[in-house]
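> here is a sequence together with a model predicted from it:
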Amino acid sequence: METTNLNAICPYFTMFPLDFPLGILESYSEVNQWVLDPFCGRGTTNFAARIYNCPSIGIDSSPVAVALTKAKLVNTKVDQIVRAAKRILSSKTEPVVPDGEFWQHAFDKDVLISICKIREALLKRCDSETRVALRAIMLGALHGPQSTNNPSYFSNQCPRTYAPKPAYAIKFWKERNLKPPKVDVLNIIKKRAERYYGQNLPEGCGFVIKGDSTTNLAFVKAKRILNKYDSKVKIIITSPPYYGMKTYIADQWIRNWFLGGPDVVDYSTKSQIKHSSKEIFINELRKVWNNVCEISSCDAVLAIRFGAINNRKVNPRDIITESLKGTVWEIEKISSAGFAKKGRRQADTFSNSNKEQIEEIDVIALKR
């Protein structure tokens, strides 16, 4: 199998392991069969489809998710990425730089100027595969742990998978007298380009749609794509947000800022699946399964990884079973996916080590 480094280009706290979609594709896929993920997140399903030489479509409401998924489907080379970054950084433009105590503590002044130069250039034009790759490299390097020997991130000490909230971060840095590092932005880009785009991969072929999978619009766009190829989706592999998990946009606020969003935390949940009650959430999922049906083949397979978070006392099996009722999807089997591993599953975001972990499940449903 080809290298899977590219799948780790930007760690994302809601990611499911690559083994899950790879296992489904090994069991059900054939070359050139279309694969869909209506909650594509960081693009793990789409990357797995690329490894299996299958074209794919990803849908997600998060700009970060869309940017990362696109980057896992592009065909570009290390030297092209480095040249693009070098051209941008050598330009004489004076970018707009966010101000405030958080930004002063989070990034060295010159590093932040370089980040903003690249941000503005990519916001003006990001229509080439090389720039799509550069954008994802920047997203992955924006924040993370400091390293004195071999820096890989631009920021002061931070988590890799989510952005810290400003007040907490400022207090944390001040108490420990932590200063933002003066790193070589271009060198970090080069090292990351070599790691993620320096290996041979099957030719990428796929499309990513920014949209809400509970509505029709995203699937109208998907249908247009499929019609061009006279095809339908054969395999759907996905992991919906667990019931009660609503902060996945706010927790990516620095990456959202890089993509053109505000330089403050946005706590709104617009364009996200509704979590106001278990019944509403189930109905939202049912809308997605019905929308998926409209663009899938008569023998399509739906594979779902699902679990729960500790502050919502629900049974994941009951939620998925109920959501599939009244649809064309008939459950073939439900099996244990084990328990959330640290840093790799959605449940881990909300679970503390003293709380009991909730077993996750894998559901296979067939179109009838």
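Here it is on my side, so go on.
> can you give me the strands in this structure?
Assigned by DSSP state E, the chain shows strands spanning 34-37, 56-60, 206-210, 233-238, 296-306, 329-339, 359-367.
> can you spell out which helices and strands pack onto the fourth one?
Applying 3 or more CB pairs under 8 Å, 6 or more residues apart in numbering; DSSP states H and E, one finds that strand 233-238 makes contact with helix 19-28, strand 34-37, helix 44-51, strand 296-306. (C-beta placed from N, C-alpha, C; glycine too.)
> what comes into contact with it?
By CB atoms under 8 Å, 6 or more residues apart in numbering, the residues outside strand 233-238 that reach it are 20-21, 24-25, 28-30, 33-40, 45, 48, 54, 57, 222, 226, 292, 295-297, 299-305.
> can you give the strand pairings for it, parallel or anti for each?
strand 34-37 (parallel), strand 296-306 (parallel) (DSSP bridges).
> so which of the ones you listed is the most surrounded?
For those, the largest average neighbour count (mean count of other CB atoms under 10 Å) is found in strand 34-37, namely a mean of 27.
> could I get that strand in PDB with only the CA atoms?
The C-alpha trace of strand 34-37 is given here as PDB (Å, rounded to 0.1, in the frame of the first residue of the first chain):
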ATOM      1  CA  TRP A  34     -17.700   6.400  -6.400                       C
ATOM      2  CA  VAL A  35     -17.400   6.900  -2.700                       C
ATOM      3  CA  LEU A  36     -19.200   9.600  -0.600                       C
ATOM      4  CA  ASP A  37     -18.800  11.000   2.900                       C
END
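> what pLDDT, on average, does that strand get?
Averaged across strand 34-37, the pLDDT comes to 98.
> ok now that strand, how far from the chain's centre?
Distance, stretch centre to chain centre, for strand 34-37: 15 Å (CA atoms, centre = their mean, to the nearest Å).
> which residues touch it?
Contacts for strand 34-37 (CB under 8 Å, 6+ apart): 25, 29, 43, 45-46, 48-49, 54-59, 222, 226, 229, 231-238, 292, 295-296.
> please repeat the previous calculation with a cut-off of 7 Å.
Strand 34-37 has contacts (CB atoms under 7 Å, 6 or more residues apart in numbering) with 45-46, 49, 54-58, 226, 231-238, 292.
> give me the buried entries from these.
Those of those that meet the buried threshold are 45-46, 49, 54-58, 226, 232-238, 292, by 16 or more other CB atoms under 10 Å.
> now do the contacts for the closest residue to V111 other than its chain neighbours.
Nearest residue to V111, sequence neighbours excluded (CB to CB, 6 or more residues apart in numbering): F154, at 5.4 Å. Counting by CB under 7 Å, 6+ apart, F154 touches 107, 111, 115, 141-142, 183, 185, 188.
> apart from its chain neighbours, what residue comes closest to V78?
A193 (4.6 Å).
> also W103?
Nearest to W103 is L112, by CB to CB, 6+ apart, at 6.4 Å.
> what about that neighbour, distance to V264?
From L112 across to V264, the span is 16 Å (CB to CB, to the nearest Å).
> of these two, give the one with the bigger neighbour count.
Ranked by neighbour count (other CB atoms under 10 Å), L112 and V264 place L112 first, with 21 against 12.
> for E330, see how far away the more buried one is.
Distance, L112 to E330, by CB to CB: 54 Å.
> what about C126, how many residues nearby?
C126: 15 neighbours (other CB under 10 Å).
> er, K313 I mean
Neighbours of K313 under the rule other CB under 10 Å: 10.
> and N256, by the same measure?
Per other CB under 10 Å, the neighbour tally for N256 reads 22.
> that one contacts V64, correct?
Yes. Here N256 lies in contact with V64, judged by CB atoms under 7 Å, at a distance of 6.1 Å.
> about what we covered before: I'd like the strands paired with strand 233-238 as a markdown table, with distance to K124 appended.
Shown next, in a markdown table, are the strands paired with strand 233-238 (distance: least, CB to CB, whole Å):
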| stretch | distance to K124 |
| --- | --- |
| strand 34-37 | 29 |
| strand 296-306 | 38 |
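> those strands: which one's closest to D79?
Set against D79 and scored by CB to CB, those come closest in strand 34-37, at 30.5 Å.
> so, low pLDDT: which residues of the stretch 101-250 of the chain?
Where the stretch 101-250 of the chain drops to pLDDT under 70, the residues are 246-248.
> try it again with 80
Along the stretch 101-250 of the chain, segments meeting pLDDT under 80 span 148, 245-249.
> could you report the neighbour count for K274?
12.
> what do you get for T4?
T4, neighbours per other CB under 10 Å, totals 16.
> leaving out chain neighbours, which residue sits closest to it?
Excluding the flanking residues, the one nearest T4 by CB to CB, 6+ apart is L18, at 6.0 Å.
> likewise for K86?
L186 (6.2 Å).
> give the contact list for the one you found.
85-86, 89.
> now, which of those sits nearest N315?
Of these, the one sitting nearest to N315 (CB to CB) turns out to be A85, at 48.2 Å.
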